[in-house]
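Asker: Using only what follows, build the 3D model:
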Amino acid sequence: NTNEVMANVALVLTGHKLGDYDVIEPHGDLNMSQSTNDSYPTALKAAIFANNDKLVAEAELLVSALRAKGNEYIDILKMGRTEMQDAVPMTLGQEFHAFAAGLETEIDFLRMAEQPLFSINMGATAIGSGLNAPEGYAQKTAKHLAKITDKPIVMADDMFAATWDQHAFVVESGALRSMAIKLSKISSDLILLSSGPRAGLGEINLPAMQPGSSIMPGKVNPVIAELMNLVSFRVIGNDLSVTLAARNGQLQLNAYEPLEAIAILDSQRLMTNAMRTLRLKCVDGITVNEDTLAQYIQRTVGIVTALVPIIGHERSDELAAEAYRSNKGILEIIREKKILSEEQIDEMLNPKALTGLDKKQYK
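Answerer: Residues are numbered from 1 along each chain as shown. Below you'll find the predicted structure:
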């Protein structure tokens, strides 16, 4: 059908009637030197790496938005948590910069993963032998595609393998899955950090996008971060489809390749749109509850780790036990027992000393 459409377009452009196949014939002219088994994979690869450019551009904008929040909140102390328990302090800015760094890793991986897409089997015809394609056709096709797409397109080293091998699609889909996992983790963290707002962590505020409940007045749900999660789940599911389709091809051709392309293109489209929405309707509008973060620092027992170099591990253990027993914060006990002066406490709570903060790292 594609050949028929292209033939009729060519007929109209050359001043002929639709269906005048004596002049331009769909199969003999449009399909000359081609097979579905080389033209389709090549076209699908081109569509995928073109969409990658759009996806990467949007991911880079999201990284910039996360970096901007990191710079905005670089000096605001907060408690870090491991296994959902108080750990040691960090700054909110460091947390956002870590989100950005994690996403940058996925961008790099995606760029690496797209490299196999540039190796094409155009000219292989039915199974890789190049039957009915003139000599030099495959090389010239690769050369012209490289010029048209501005990508390093090359003819596959082994055209038989390239006609059945699904490596390029599997790797690309795997990179999309990896990025989806990272985005889901970041989104879930935003949901958790904004939980409450009164009976949860309540460290940050996400922009209110809609009334969250028909029965609970004033409740606002983190719908944009949840949307990113939903898209991520879909991308992970699409990757399984790619895996199964790639696994089940037989002999010289994989008949399930179109499903792989549909899944990958769907994942790219969804992720591109979802990242844009996450950036514009969530990340850009995040605000911080500084009083809440300060209260956590004052009340936490986790900050006792910073005392170990000053008063030793054994004494720090004793203070931690007393804090849990009395339901007091470490800083409160330190002040009561006059273990440190206010000047020493302020020095200990300096973000640079407490978190290893190096602002030059983020410029």
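
Asker: Helices of this structure, residue ranges please.
Answerer: 2-13, 36-72, 92-113, 137-149, 159-164, 167-193, 223-247, 257-281, 290-299, 308-311, 313-326, 330-336, 342-348, 351-355 (DSSP state H).

Asker: Now distance to residue 210 and mean neighbour count too, for those, in CSV please.
Answerer: The C-beta positions use only the backbone N, C-alpha and C, and glycine is treated the same way. Output for the helices of the chain, formatted as CSV (distance: least, CB to CB, whole Å; neighbours: other CB atoms under 10 Å):
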stretch, distance to residue 210, mean neighbour count
helix 2-13, 43, 15
helix 36-72, 21, 19
helix 92-113, 24, 19
helix 137-149, 41, 16
helix 159-164, 48, 18
helix 167-193, 15, 21
helix 223-247, 6, 19
helix 257-281, 11, 20
helix 290-299, 24, 16
helix 308-311, 47, 13
helix 313-326, 41, 14
helix 330-336, 40, 18
helix 342-348, 43, 12
helix 351-355, 36, 16
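
Asker: I'd like to know which of those helices lies nearest to residue 79.
Answerer: helix 290-299 (5.0 Å; CB to CB).

Asker: for the closest one, packing partners?
Answerer: Helix 290-299 is packed against strand 77-82, helix 330-336, with contacts defined by 3 or more CB pairs under 8 Å, 6 or more residues apart in numbering; DSSP states H and E.

Asker: Output that helix in PDB with nothing but the alpha carbons.
Answerer: What follows is helix 290-299, C-alpha atoms only, in PDB (Å, rounded to 0.1, in the frame of the first residue of the first chain):
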ATOM      1  CA  GLU A 290      12.100  25.500  55.400                       C
ATOM      2  CA  ASP A 291      10.500  25.500  58.900                       C
ATOM      3  CA  THR A 292       9.600  21.800  58.500                       C
ATOM      4  CA  LEU A 293      13.100  20.900  57.400                       C
ATOM      5  CA  ALA A 294      14.700  22.900  60.300                       C
ATOM      6  CA  GLN A 295      12.400  21.100  62.800                       C
ATOM      7  CA  TYR A 296      13.500  17.700  61.400                       C
ATOM      8  CA  ILE A 297      17.200  18.700  61.800                       C
ATOM      9  CA  GLN A 298      16.500  19.900  65.400                       C
ATOM     10  CA  ARG A 299      14.600  16.800  66.400                       C
END
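
Asker: Which residues does that helix contact?
Answerer: 76-79, 89, 92, 201-203, 303, 329, 331-332, 349 (CB atoms under 8 Å, 6 or more residues apart in numbering).

Asker: Those: which two are farthest apart?
Answerer: 92 and 332 (22.9 Å).

Asker: I'd say residue 128 and residue 159 touch.
Answerer: Yes - counting by CB atoms under 8 Å, residue 128 does reach residue 159; the two are 4.0 Å apart.

Asker: rewinding a little: quick one: which of the helices of the chain is nearest residue 30?
Answerer: helix 2-13 (4.0 Å).

Asker: Identify the residues contacting the closest one?
Answerer: 17-21, 23-27, 29-31.

Asker: The residue lying closest to residue 285 once chain neighbours are set aside: neighbour count?
Answerer: Excluding the flanking residues, the one nearest residue 285 by CB to CB, 6 or more residues apart in numbering is residue 207, at 3.5 Å. Neighbours of residue 207 under the rule other CB atoms under 10 Å: 16.

Asker: Might one say that residue 207 is in contact with residue 280?
Answerer: No - contact between residue 207 and residue 280 fails when scored by CB under 8 Å: they sit 9.6 Å apart.

Asker: sorry, back to before: which one, of the helices of the chain, ends up nearest to residue 123?
Answerer: helix 137-149 (2.6 Å).

Asker: Quick check: mean pLDDT of that closest one?
Answerer: For helix 137-149, mean pLDDT rounds to 96.

Asker: what do you get for stretch 89-96?
Answerer: 96.

Asker: contacting residues around it?
Answerer: So stretch 89-96 is contacted by 66-67, 69-80, 203-204, 288, 293, 297, 302-303, 306, 351, 354-355, 357, 362 (CB under 8 Å, 6+ apart).

Asker: One more pass at 6 Å, please.
Answerer: 66, 69-70, 73-74, 76-80, 351, 354-355 (CB atoms under 6 Å, 6 or more residues apart in numbering).

Asker: Check stretch 196-212 too.
Answerer: Contacts of stretch 196-212 (CB under 6 Å, 6+ apart): 193-195, 219-224, 282, 285-289, 292-293.

Asker: How far does stretch 99-116 sit from its chain's centre?
Answerer: How far stretch 99-116 lies from its chain's middle: 8 Å, per CA atoms, centre = their mean, to the nearest Å.

Asker: next one: stretch 6-16
Answerer: Using CA atoms, centre = their mean, the offset of stretch 6-16 from its chain centre is 43 Å.

Asker: Now do the nearest residue to residue 203 once chain neighbours are set aside, the pLDDT please.
Answerer: Excluding the flanking residues, the one nearest residue 203 by CB to CB, 6+ apart is residue 193, at 4.7 Å. Predicted confidence (pLDDT) for residue 193: 98.
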